[in-house]
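> Need a 3D model of the following:
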Amino acid sequence: MQFKNLCWSALVAVSALSCSTQSKSLDVNKEVPEAIQLFNGKNLKNWTPKIRNYKVGENFGNTFRVEDGMMKVRYDQYDDFNFRYGHIAYNTPFSYYVLRVEYRFVGEQAKGGEGWAWRNSGAMLHGQDPKTMWKDQNFPISIEAQFLGGPDDIKSERTTSNLCTPGTNVVMNDKLFTPHCINSKSKTYHGDKWVTAEFVVLGDSVIRHILEGETVIEYSKPTIGGDMVEGHNPAVKQDGKAITEGYIYLQSESHPIDFRKVELYDLEKYKMQPQKLDGIIQKILQTKGSN
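From the prediction side, this is the model:
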């Protein structure tokens, strides 16, 4: 009888644990926030362009446009690219979030584009307020998740979702990282195929770049510092200042690119609940996003 009672007690305990785990899983499912479609597929509402040598809000050459349900970056109205680096910022800053971007490189590079900018674009994270960018500024102070398209030679490799640091520094492997760029460990994406890039951004604690469910690079503690930003307001570049939030930009660096999805899961309200936050992030990364 005593043995049976022990067995029954153990069974009840296991069942309770299972039910508790299922309950927590259900709670996480209910908590997952709805994706915010930063790009609505119709127009550039809530986005602000900033192109070098032009005022904030001036979309020179219709560089950023919406056609066929995609945000497109084009240069058919340029006579020469002439270092006119462009960025388009979403008008709301974020701090804790998961960002999902679907992109593809198309066509030929604009005349005058530099060699390194071939099939080169990116998403700028924790960027400065676009309204604080000066007319001749080349890049926003930000963390750049660099997008690179693969070479035409399918045997050649070129990683994407790399890290670049215009006007910033980060900590990587417990050391201050000051070089401008470092490659991720991603595979190469050749041609004009669509690529889905995801980013887990948790204030200044950690930032992860994810492709196909795998973290390809990770770093933390972004701060203002370093170089590679020119023509900026010195009062904005407060070296050593922690970057805990900022604006999201998409880039124009001389090669045509399409964006068909730019969506964000705002996780701000969970930042003081690390266990719940982790569960929600995992759930988001298991989804393919909204259609």
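> Point out where the protein drops to low pLDDT.
Low-confidence segments of the chain, defined by pLDDT under 70: 1-29, 289-291.
> how about the strands of the stretch 1-150 of the chain, start to end?
Counting by DSSP state E, counting those that start in this stretch, the stretch 1-150 of the chain has strands at residues 36-37, 47-51, 64-67, 70-73, 86-90, 96-105, 120-127, 143-148.
> quick one: which of those strands is nearest L176?
Nearest of the strands of the stretch 1-150 of the chain to L176, taken as C-beta to C-beta: strand 143-148 at 14.3 Å. Just so you know, the C-beta spots here come from the backbone N, C-alpha and C atoms, and that holds for glycine as well.
> Show me what the closest one is packed against.
The contact analysis (3 or more C-beta pairs under 8 Å, 6 or more residues apart in numbering; DSSP states H and E) places strand 143-148 against strand 120-127, strand 162-164, strand 195-202.
> out of those strands, deepest packed?
Comparing these by mean neighbour count (mean count of other C-beta atoms under 10 Å), strand 120-127 ranks first with a mean of 25.
> Listing partners with orientation, what would you give for that strand?
Strand pairing for strand 120-127, determined by DSSP bridges: strand 143-148 (antiparallel), strand 247-252 (antiparallel).
> Show me the contact partners of it.
Here strand 120-127 makes contact (C-beta atoms under 8 Å, 6 or more residues apart in numbering) with 73, 87, 89, 99, 101, 103, 105, 139-149, 164, 166, 168, 197, 199, 201, 207, 222, 243-255, 257.
> between the helices and strands packed on strand 143-148, which gets nearest to D80?
Nearest of these to D80, taken as C-beta to C-beta: strand 120-127 at 17.5 Å.
> Look at the residue nearest to T132 when sequence neighbours are not counted and give its secondary structure.
Using C-beta to C-beta, 6 or more residues apart in numbering and skipping the chain neighbours, the partner closest in space to T132 is V236 (5.0 Å). Counting by DSSP: H, G, I helix; E, B strand; the rest coil, the backbone at V236 sits in coil.
> Please, where are all the helices along this protein?
Here the chain has its helices, by DSSP state H, at 2-31, 274-286.
> For the last one, buried residues please.
Of the residues in helix 274-286, those scored as buried under the neighbour-count criterion (16 or more other C-beta atoms under 10 Å) are 276-277, 279-281, 283-285.
> other SSEs contacting that helix?
Under the contact definition 3+ C-beta pairs under 8 Å, 6+ apart, helix 274-286 sits against helix 2-31, strand 96-105, strand 195-202.
> how much distance is there from the shortest one to the middle of the chain?
Once both centres are worked out by C-alpha atoms, centre = their mean, to the nearest Å, strand 195-202 turns out to sit 5 Å from its chain's centre.
> Can you pull out the residues in contact with it?
Residues contacting strand 195-202 (C-beta under 8 Å, 6+ apart): 94-104, 123, 125-126, 145, 147, 160-161, 189, 206-212, 261, 267, 271, 277, 281, 285, 289.
> Buried only: go through those residues for me.
Those of those that meet the buried threshold are 94-104, 123, 125-126, 145, 147, 160-161, 189, 207-211, 261, 267, 277, 281, 285, by 16+ other C-beta under 10 Å.
> ok, S252 - contacts?
51, 63-64, 73, 85-88, 121.
> For the helices and strands packed on strand 143-148, give me JSON lines that also has distance to K30.
Putting the helices and strands packed on strand 143-148 into JSON lines (distance: least, C-beta to C-beta, whole Å) gives the following:
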{"stretch": "strand 120-127", "distance to K30": "28"}
{"stretch": "strand 162-164", "distance to K30": "34"}
{"stretch": "strand 195-202", "distance to K30": "21"}
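> which one of those strands lies closest to V32?
Proximity to V32 (C-beta to C-beta) singles out strand 195-202 among the helices and strands packed on strand 143-148, at 14.0 Å.
> Please write out the alpha-carbon positions of the closest one in CSV.
Taking C-alpha atoms only, strand 195-202 is exported to CSV below (Å, rounded to 0.1, in the frame of the first residue of the first chain):
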residue,chain,number,x,y,z
VAL,A,195,16.4,37.0,-47.5
THR,A,196,14.7,37.3,-44.1
ALA,A,197,16.9,38.9,-41.5
GLU,A,198,15.8,39.1,-37.8
PHE,A,199,17.2,41.2,-35.0
VAL,A,200,16.7,40.8,-31.2
VAL,A,201,17.4,44.2,-29.7
LEU,A,202,17.2,44.5,-25.9
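> quick one, that strand and strand 120-127 angle?
Inter-element angle recorded for strand 195-202 and strand 120-127: 20 degrees (by axes from the mean of the first three to the mean of the last three C-alpha atoms, to 10 degrees).
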